[in-house]
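1. Okay, sequence plus prediction incoming.
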Amino acid sequence: MKEIVVLSGKGGTGKTSIVASFASLARSKVLADCDVDAADLHLLLKPEVKEAKEFWSGQVAFIDKEKCTECGLCQELCRFGAIRDCQVNPISCEGCGFCYQVCPVNAIVMKDSMSGYSFISETKYGYLCHARLGIAQENSGKLVALVRQNAKLIAERENLDYIITDGSPGIGCPVISSLSGASLALLVTEPTLSGMHDLERVIGVCRHFGVPVLVCVNKYDLNEENTYRIESYCAKEGIEVAARISFDNVMTEAIVQGLPVVEYSNNKVTQQIKELWQIIPAKLKK
Amino acid sequence: MIISVASGKGGTGKTLVATSLALSLSDNYKVQLLDCDVEEPNANILLRLSINQSRPVYIPIPKVDETKCTYCGKCAEVCAYNAIAVLKRKVLVFPELCHGCGACCYLCPEAAITEEGREVGVVEMGNSGNLGLVQGKLAVGEAKAPPVIRKVKRYIDPANVVIIDVPPGTSCPVVEAVEGSDFCLLVTEPTPFGLNDLSLAVEVMKRLGISCGVVINRVGVGDREVEQYCHRERIPVLLRIPLERKIAILYSKGIPLVEGVPRWHGDFLKLFQDIKDIVAAKSVAK
């Protein structure tokens, strides 16, 4: 079983469109949406939720007004600015429990916090493991780890060849959590200066965690000079650019129709995505 | 006045809007642009200001003086993140897990713990005329963006018009970036993905009590659902940017919209006037 995670650094480069197309093209796989705070893959795969579980993670401090003597020690010591006027702002609280430990009159309790839901669903393409992080919550990394674990269990149980994971933008906590130990990171970039800058940083993260990398340039003909620069950069770094995908409104039209683009249309773009998927198994055998 | 530019979904045009707004206003106002998308900061790719100051961002992590340590285990007991472990004759610190809350150091009965800074990123500054830039950069391989965002926001000068470029998503880095803003512009695109992530971002702003308005980018392809949602939720659509290859090419080259197509200048000034009116009306209502 091999795990392919699709990342980009910069948002909006086409990760989800490509993962949905792979969902349609790959035979033996489970899908995972690790973009837990702005998940979109379900909009294309139309899952039927089979199992929804509450995700409890971390704690939040709570001050009992009856017991509090307003000494102000907690507020003075809190490094996250979460306590003001003897009240905890649950959004700023990082759940460290320092205030709970030091309160001289034991007026502070730590309450477990429900930070979202994890789901296991069925789609016409197979299983989808996904999640929804509560609004303004922390611990996205832990929820991502849970989604991956769910996907791994299903892949083992059903003896599936691939876990195909849609990652989140950026290079921080949820990305690191979706990446560590994966078999391959497919990095979807675009030929814009921002896309290139962000690609370099996400390559850095993949190297940091020892995950092999494959690059795909989406909307390559928007700026062919930049595409050429990305390809030269990758060549210099010993990274393969596996595909160029054309700039075409069918990508957006497919999203509006709620379909993977390879099912919505049959043109140059969908051919390029199909060819990309055909390359991937060989990269995983190495 | 502090205006955040956020989105939920990545790649909808936050940085395009933030930079063009900042440039348009800098003719008449002192403007500070804060790039709080510290995982992938891109604003200065468009602004091209030379960086004249750079300050590292540290998280305080515990340093144990084992000549004083009695291996009592108090530090490990109070650490909510399992970032410190006490063995029989050894204390292990796991810096990547530490949030820097300071509880172990404060509560050590032998005063054997001091704190040392661990560099997790950098804050850089540059300016040109009326426009100042403060950008945060999370170090590659680091998971936690909020400490870097917090540091960037310390440089806010309330006398300026402050524009904050917010990271994508809806979790803790977004909250850290938008908190304290007078207004939040939510940039979206007219697709089911744009709508789904916009509605999540609107929930975040409701939780934080920040009034918001919408910018719809790439109007032309897609559907009418975002417009209908905004109408239903009574969220003003303050600007529409069409899907034009020319605009996409300018962005790919790192040219701000108001420089490449100067007639947009007036649209961004009007956008600012509309925001000012909304904020003023809200404070009167209060």
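-> On my side now, so go ahead. Residues are numbered from 1 along each chain as shown, chains lettered A, B, ... in the order given.
2. From the structure, what's the count of residues near residue 233?
-> Looking at chain A here, since you left the chain open. 16 (other CB atoms under 10 Å in any protein chain shown). For glycine as for every other residue, the C-beta is placed from the backbone atoms N, C-alpha and C.
3. meant chain B, my bad for not saying
-> Residue B:233 - counted by other CB under 10 Å - has 13 other residues nearby.
4. What helix or strand is the nearest residue to it once chain neighbours are set aside located in?
-> Take residue B:233 and drop its neighbours on the chain: the residue closest to it by CB to CB, 6 or more residues apart in numbering or on different chains is residue B:202, 6.7 Å away. Using DSSP states H and E, residue B:202 sits in helix B:192-208.
5. Centre of the chain to that helix, how far?
-> 16 Å (CA atoms, centre = their mean, to the nearest Å).
6. just to revisit the earlier point, measure the residue nearest to residue B:233 to residue B:151 for me?
-> 28 Å (CB to CB, to the nearest Å).
7. Which parts of stretch A:219-238 count as buried, going by neighbours?
-> In terms of neighbour count (16 or more other CB atoms under 10 Å in any protein chain shown), stretch A:219-238 has its buried residues at A:219-220, A:222-223, A:226-227, A:230-231, A:233-234.
8. That should have said stretch A:157-177, apologies.
-> Quick answer for stretch A:157-177 (16+ other CB under 10 Å): A:160, A:162-177.
9. if you look at the residues you listed, which of them are in helices?
-> A:173-177 (DSSP state H).
10. which of those residues are close to chain B?
-> A:173-177 (CB under 8 Å from any CB of the partner chain).
11. just curious, which of the residues you listed is nearest to residue B:109?
-> Distance ranking of these against residue B:109, using CB to CB, places residue A:173 first at 32.9 Å.
12. helix or strand right after the helix or strand hosting residue A:233?
-> Applying DSSP H and E as the criterion places residue A:233 in helix A:224-237. Sequence-wise, the next helix or strand downstream of helix A:224-237 (DSSP H and E) is strand A:240-244.
13. What is the subsequent helix or strand relative to that next one?
-> helix A:250-257.
14. Off-centre distance for the very next helix or strand once past that following helix?
-> For helix A:250-257, the following helix or strand on the C-terminal side (DSSP H and E) is helix A:261-264. Centroid separation for helix A:261-264 versus its chain: 23 Å, with CA atoms, centre = their mean.
15. outside of helix A:261-264, which residues touch it?
-> A:17, A:20-21, A:24-25, A:250-251, A:253-254, A:257, A:269-270, A:273-274 (CB atoms under 8 Å, 6 or more residues apart in numbering or on different chains).
16. from those residues, which is closest to chain B?
-> residue A:253 (6.8 Å; CB to the nearest CB).
17. Report pLDDT for the closest one.
-> Reported pLDDT at residue A:253 in the predicted model: 96.
18. can you check residue A:136 too?
-> Value for residue A:136, per-residue pLDDT: 80.
19. Tabulate the ones next to chain B among the ones in helices among the buried residues of stretch A:157-177 (CSV), appending pLDDT.
-> CSV is the format used below for those (pLDDT from 0 to 100):
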residue, pLDDT
A:173, 93
A:174, 95
A:175, 96
A:176, 96
A:177, 96
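20. between those, which is closest to residue B:111?
-> residue A:173 (32.5 Å).
21. contacting residues around that closest one?
-> Counting by CB under 8 Å, 6+ apart, residue A:173 has contacts A:140-141, B:143-145.
22. Which ones among these map onto helices?
-> Per DSSP H, those map to helices at A:140-141.
23. Including neighbour count and distance to residue B:127, could the contacts of residue A:173 go into JSON lines?
-> Below are these laid out as JSON lines (neighbours: other CB atoms under 10 Å in any protein chain shown; distance: CB to CB, whole Å):
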{"residue": "A:140", "neighbour count": "30", "distance to residue B:127": "34"}
{"residue": "A:141", "neighbour count": "21", "distance to residue B:127": "35"}
{"residue": "B:143", "neighbour count": "19", "distance to residue B:127": "31"}
{"residue": "B:144", "neighbour count": "24", "distance to residue B:127": "28"}
{"residue": "B:145", "neighbour count": "27", "distance to residue B:127": "24"}
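24. Out of the contacts of residue A:173, which is nearest to residue B:155?
-> Nearest member of the contacts of residue A:173 to residue B:155, counting by CB to CB, is residue B:145, at 16.5 Å.
25. For the stretch 51-200 of chain B, what lies in contact range of chain A?
-> Close to chain A, as judged by CB under 8 Å from any CB, the stretch 51-200 of chain B has residues B:78, B:80-81, B:99-103, B:106-107, B:138, B:140-145, B:167-175, B:179, B:191-193, B:196-197, B:200.
26. Where do the strands of the stretch 101-250 of chain B begin and end?
-> B:113-128, B:131-138, B:161-165, B:183-188, B:212-219, B:237-242 (DSSP state E, counting those that start in this stretch).
27. Quick one: those as TSV, columns for mean pLDDT and mean neighbour count too.
-> Formatted as TSV, the strands of the stretch 101-250 of chain B follow (pLDDT from 0 to 100; neighbours: other CB atoms under 10 Å in any protein chain shown):
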stretch	mean pLDDT	mean neighbour count
strand B:113-128	97	17
strand B:131-138	98	24
strand B:161-165	98	25
strand B:183-188	98	27
strand B:212-219	97	22
strand B:237-242	98	18
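28. Rebuild those strands as CSV, extending it with distance to residue B:284.
-> Below are the strands of the stretch 101-250 of chain B laid out as CSV (distance: least, CB to CB, whole Å):
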stretch, distance to residue B:284
strand B:113-128, 34
strand B:131-138, 30
strand B:161-165, 20
strand B:183-188, 15
strand B:212-219, 17
strand B:237-242, 19
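29. Out of those strands, which is closest to residue A:76?
-> So among those, strand B:113-128 is nearest, using CB to CB, at 16.4 Å.
30. Please name the strands paired to the closest one in the sheet, noting orientation.
-> strand B:51-64 (antiparallel), strand B:131-138 (antiparallel) (DSSP bridges).
31. Now do the buried residues in the first one.
-> Meaning strand B:51-64. B:57-62, B:64.
32. Now tell me what touches stretch A:136-144 from outside.
-> Contacts for stretch A:136-144 (CB under 8 Å, 6+ apart): A:34, A:36-37, A:55, A:57-58, A:91, A:94-95, A:113, A:115-116, A:118, A:131, A:133, A:168, A:173-174, A:176-178, B:143, B:169-172, B:174-175, B:204, B:207-208.
33. let's see 7 Å
-> Stretch A:136-144 is contacted by residues A:34, A:36-37, A:55, A:57-58, A:91, A:94, A:115-116, A:118, A:131, A:133, A:173-174, A:176-178, B:143, B:170-172, B:175, B:204, B:207 when judged by CB atoms under 7 Å, 6 or more residues apart in numbering or on different chains.
34. of those residues, buried ones?
-> A:34, A:36-37, A:55, A:57-58, A:91, A:94, A:115-116, A:118, A:131, A:133, A:173-174, A:176-178, B:143, B:170-172, B:175, B:204.
35. Let me see the domain layout of the chain.
-> By default, I'm working from chain A. A:2-46+A:124-285, A:58-114 (automatic domain parsing).
36. think we crossed wires, I meant chain B
-> B:2-57+B:125-285, B:66-111.
37. Quick check: which of the ones you listed is buried the most?
-> domain B:2-57+B:125-285 (a mean of 20; mean count of other CB atoms under 10 Å in any protein chain shown).
38. hang on, the earlier thing: ok, now how distant is the residue nearest to residue B:233 from residue B:146?
-> Residue B:202 is 22 Å from residue B:146, by CB to CB.
39. Then residue B:138?
-> Counting by CB to CB, the gap from residue B:138 to residue B:146 is 10 Å.
40. and what of residue B:160?
-> 23 Å.
41. Same question for residue B:174.
-> 10 Å.
42. Going along the chain, name the helices of the stretch 51-200 of chain A.
-> Here the stretch 51-200 of chain A has its helices, by DSSP state H, counting those that start in this stretch, at A:73-77, A:98-102, A:140-158, A:173-179, A:193-208.
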